[in-house]
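Undergrad: From the sequence below, what's the structure:
(3 chains)
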Amino acid sequence: MPLTRKVKDLLVPIRDYAVVNEDRPLSEAINALRKVYCQIEMGKCTEAGHRNILVLNSQNKLVGILDFRTILRVLIPEIAGGLSDRLQALGVLAAFAEAGTEELDESRMSFNARVIKNSDIKVKQVMLKIRGTIREEDDLLKALNLMYGNKVTVLPVYKNEELVGVLRESDLFLTVADITTK
Amino acid sequence: MTKTGKQGVFFIALLLSVILLAGNGYANEGLVAAGTESSTAWWVWPLLLLVVTFVMGIAAVLGGVGGGVLFVPIISGFFPFHLDFVRGAGLLVALAGALAAGPGLLKMNLASLRLAMPVALIASSFAIIGAMIGLALPTQIVQIALGVTILGICVLMLVAKKSTVPDVPKADKISSVLRIYGVYQEASTGEIIDWKIHRTWQGLVLFIAIGVMAGMFGLGAGWANVPVLNLLMGAPLKISVATSKFLLSITDTSAAWIYLNKGCVIPMMVVPSLIGIMGGSFVGVRLLKVAKPGLVRWIVIGMLGFAGLKALTKGLGF
Amino acid sequence: MTADPNKSLQASPEQVVYAKVLEKGMLLGLGLILLSFALYVLGILKPYIPVDEISKYWTLSVDEYLRTTNIHAGWSWVGMLGYGDFLNFVGIALLAGVTIVCFLVIVPVLWKNNDKLYAFFSVLEALILSVAASGILGSGGH
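TA: Next up is the predicted model:
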């Protein structure tokens, strides 16, 4: 039965996964993520790689994770941010407008310059917390329950105390979906 | 709605409020002193306050005039509330606006905490003194002083220049010791520029006067903070505006507590005003992106001048 | 090479901490005010001064107001939170008080970064604001 297979059969080894140190700027994380996400094939970015990047501290312990949405929330908060980000941007614009200097507001700044400025922030200030990890000897049913119970799309995989890989929702998808083709 | 359509709506709303206010203001001149049973339903005044402060919030954003400087003159001029309560409400309204913008300005490093803190120490201490004086003086005197100050503010707004990147040849001793300097990003080009300040002592002395005035009249002092930070001390306009707004949150906190502890806060006045101004400023910001009628600034300064005259005449007993 | 934090476009750590505390306090304060005001005007919590009588008092000077309504100035509102109108003071006090909390919270951050002078400034500012808040200054009368 496919679901009795173990996590270690499906995981992506850590060496194949993008990682970044928590004290580095976001721009470095983006670079590392792009390298893994894009396999340059004939000059085109073939989206074969992983869509998130793990964050390690200086002792190489896993402390967080960054995905596309989180990164965009930081780069373009006025578009991709949540309600509080957008209210904050409005409040700041109101402050400049009331002084008659709305032309100085960041939203009037060139898009590119804003994005570059926003990417300077340290990874550890914006990364997401890890919600749930799994052991490589655990079976896939447990992985499924954990993943959907915690509403995550990747689960870091541990062997004893060591981080050995990542289990992704896409891998679990095929395992379950393939049942229909049997 | 088209651009002109939006402008039209705004002007009509503004005009309506002016008429409403003038009408009510004059109607209430005839109101006998406390104890009279008002024939209007209890919710009329708060609702009127909500509408007027809403328009005020929009006008502040579109007109480039702080909501904190509009509130006390206009509300005290055209509403029957006593100046004590108007000042209490005004401080809380200005405070709330500064608190709302504060986190964003600090996180984006536009407001400089290092610049703000020494200034705030002076301004907040003297705001306390200003508040105590303001509550101790007879109301007539405060009205006259308020009227004169408002007229002065109008002149200042019409005359004062702004310097986007002032020329600061050398940081002065005290700002170097306190490490008050930084970098910011030019809006259009994205170029990164160093800034530093000078004439720090002179600036701090002026903030004594600014603090006293803020506390005495319940006004938001943005119109004063920015020129001192920008033109006198040489901080870039962007940093000055942001730091000024943040500074208000500290100065107004100290003054607000004095008024609060004195009993000058009536929730039925404060809360509708808060909601009105904040709602208005958010709508104003939206309108700003569409069109900025240059005429609004003139109308707003005009109304402010009119309110200043009204305060003066009230104080002189006409 | 340790970069000068003031030469970075990014906000200094104490600024970020201040901003975070400010944001939470401000949202909480505003939320509480809206809630308590709803309870007040909808009559769910009976006010000390009935809503249709308040207009009699706001034309008076604050001294006359306190005398006529028998309200005590200062922190006495804490004892009157059972009334719909006075419940609003919780949110208002929170908005007025969040800055004090912010200045206290950044003291350890500044101290850790060896910025003893500004840590001292922070404490001083929190003290000034607390003195204003405490009501010990009284405020004269007309």
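Undergrad: Now do the residue of chain B found nearest chain C against chain A, distance only.
TA: Nearest residue of chain B to chain C, counting by C-beta to the nearest C-beta: residue B:136, 3.2 Å away. Bear in mind the C-beta positions are built from the backbone N, C-alpha and C, glycine included. Plainly put, residue B:136 is 31 Å away from chain A if you go by C-beta to the nearest C-beta, to the nearest Å.
Undergrad: mean confidence for stretch B:191-203?
TA: Taken as a whole, stretch B:191-203 has an average pLDDT of 91.
Undergrad: Just confirm yes or no for that stretch near chain A.
TA: No - using C-beta under 8 Å from any C-beta of the partner chain, stretch B:191-203 never reaches chain A; the gap is at least 8.5 Å.
Undergrad: Got the phi and psi for the residue of chain B closest to chain C?
TA: Residue B:136 has phi and psi values of phi -90, psi -30 when expressed as degrees, to the nearest 10.
Undergrad: That one - how many residues pack around it?
TA: A count of neighbours around residue B:136, defined by other C-beta atoms under 10 Å in any protein chain shown, yields 14.
Undergrad: cool, residue B:258 as well?
TA: Neighbours of residue B:258 (other C-beta under 10 Å): 27.
Undergrad: neighbours of the nearest residue to it once chain neighbours are set aside, just the number please.
TA: Among residues not flanking residue B:258 along the chain, residue B:131 sits closest, at 3.8 Å (C-beta to C-beta, 6 or more residues apart in numbering or on different chains). Residues lying near residue B:131 (other C-beta under 10 Å) number 33.
Undergrad: ok, now residue B:169?
TA: 7.
Undergrad: before we move on, what about the one 5 residues further on?
TA: Neighbour count for residue B:174, taken as other C-beta under 10 Å: 16.
Undergrad: Now residue A:97: closest residue in space, sequence neighbours ignored.
TA: Among residues not flanking residue A:97 along the chain, residue B:61 sits closest, at 4.3 Å (C-beta to C-beta, 6+ apart).
Undergrad: so that neighbour makes contact with residue B:281?
TA: Yes - counting by C-beta atoms under 8 Å, residue B:281 is a contact partner of residue B:61 at 5.2 Å.
Undergrad: any residues in contact with both of these two?
TA: A:94, A:98 (C-beta atoms under 8 Å, 6 or more residues apart in numbering or on different chains).
Undergrad: Are stretch A:25-39 and chain C in contact anywhere?
TA: No - on the criterion C-beta under 8 Å from any C-beta, stretch A:25-39 is out of touch with chain C, staying 8.9 Å away.
Undergrad: next one: that stretch to chain centre, how far?
TA: 11 Å (C-alpha atoms, centre = their mean, to the nearest Å).
Undergrad: how about it: buried residues?
TA: A:26-30, A:32-33, A:36-37 (16 or more other C-beta atoms under 10 Å in any protein chain shown).
Undergrad: repeat for stretch B:300-311
TA: B:300-301, B:303-311.
Undergrad: name the element the residue nearest the centre of chain C belongs to?
TA: With distances taken as C-alpha atoms, centre = their mean, residue C:96 lies nearest the centre of chain C, 1.7 Å away. Secondary structure from DSSP states H and E places residue C:96 in helix C:84-112.
Undergrad: for that helix, packing partners?
TA: Secondary-structure packing of helix C:84-112 (3 or more C-beta pairs under 8 Å, 6 or more residues apart in numbering or on different chains; DSSP states H and E): helix B:83-107, helix B:237-262, helix B:267-290, helix C:13-41, helix C:116-134.
Undergrad: What are the buried residues along the third one?
TA: When you say that, I think you mean helix B:267-290. Neighbour-count burial for helix B:267-290, with 16+ other C-beta under 10 Å as criterion, is recorded at B:267-278, B:280-285, B:287-288.
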